[in-house]
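K.L.:
Whatever this is, show me its structure:
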Amino acid sequence: MKGNVIYLAGFMGAGKSTIGPILANTLGWNFYDLDREIEKIEGKKVREIFETKGEDYFRKVEREVLLKTSAEEKVIISLGGGTMANEENLDFLKKTGRTFYLKASKEAVYRRLKYKRDRPALHSNGGFPETKEELMELINKLLNEREKFYLLSDHIILTDNVPVGKTVDVIARIISSN
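P.N.:
Prediction:
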């Protein structure tokens with residue numbers, strides 16, 4: 001049933017992996033973080049999977065894990081930053097659940113990611129950007145590519161300067177009211 005599967009979408013650093021388990025606990029539902037589930041299956045960090053097996057392989061495993069976790073009832077699933085930026089996945093998400101875009105500004109994303117070296121999408125040309133300008137440029141580029149997909153979500157929730165608990169309450173109310 002569509003209302004019993006909730007997908008948290010958005011760019012890396014938007015708060016999906018933080019908000020997801022708290023929301024699930026609040027509702028008494030199960031929670032899955034797609035990236036963590038993939039890491040369990042593969043026995044490697046997402047970045048290592050990208051480096052050793054490539055993005056195509058990662059996306060194939062991601063799709064399998066998405067199908068498996070979505071088969072449950074009353075489940076919150078935090079998607080990877082690129083999961084929704086795939087037409088086949090987007091179609092599946094829209095048919096099987098409700099999507100919430102956790103929207104963070106580019107500045108907030110920068111603040112949250114500037115010390116994170118484990119994000120494969122932030123490693124261009126073999127290394128992590130060395131300056132704020134380079135990292136902001138990469139964030140802008142990736143967000144511009146992906147946001148058109150995120151904006152197709154059923155609900156858009158702004159996460160800049162909003163306490164996690166307040167964001168959880170807003171989403172829980174939306175879910176409970178339908």
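K.L.:
same for the least confident helix or strand in the chain by mean pLDDT, what does it pack against?
P.N.:
Across the helices and strands of the chain, the lowest-confidence element by mean pLDDT, DSSP states H and E is helix 106-113, at a mean of 79. The contact analysis (3 or more Cβ pairs under 8 Å, 6 or more residues apart in numbering; DSSP states H and E) places helix 106-113 against helix 132-150. Any C-beta I mention is one placed from the backbone N, CA and C, and that applies to glycine too.
K.L.:
List the buried residues for the least confident helix or strand of the chain?
P.N.:
Residues 108-110, 112-113 are the ones in helix 106-113 that count as buried (16 or more other Cβ atoms under 10 Å).
K.L.:
How are the strands of this protein distributed by residue range?
P.N.:
5-9, 30-33, 75-78, 98-103, 155-158 (DSSP state E).
K.L.:
just the buried residues of helix 106-113 now: which is nearest residue 24?
P.N.:
Taking Cβ to Cβ as the measure, residue 112 is the one of these closest to residue 24, at 21.1 Å.
K.L.:
Contacts only, for the closest residue in space to that closest one that isn't next to it in sequence.
P.N.:
In space, and not counting its chain neighbours, residue 112 is closest to residue 13: 3.8 Å by Cβ to Cβ, 6 or more residues apart in numbering. Shown in contact with residue 13 (Cβ atoms under 8 Å, 6 or more residues apart in numbering): 104, 108-109, 112-113, 116.
K.L.:
Ok, residue 72 next?
P.N.:
Contact partners of residue 72, counting by Cβ under 8 Å, 6+ apart, are 5, 30.
K.L.:
try it again with 7 Å
P.N.:
residue 30 (Cβ atoms under 7 Å, 6 or more residues apart in numbering).
K.L.:
Pull up the gap between it and residue 83, please.
P.N.:
Look at residue 72 and residue 83: by Cβ to Cβ, to the nearest Å, they are 17 Å apart.
K.L.:
do residue 154 as well
P.N.:
Per Cβ to Cβ, residue 154 is found 15 Å from residue 83.
K.L.:
So these two - more neighbours on which side?
P.N.:
When residue 154 is set against residue 83 and neighbours are counted by other Cβ atoms under 10 Å, the residue ahead is residue 83, at 24 against 17.
K.L.:
Next, the buried residues of stretch 138-157.
P.N.:
Those buried within stretch 138-157 under the rule 16+ other Cβ under 10 Å are 138-139, 142-143, 146, 149-150, 153-154, 157.
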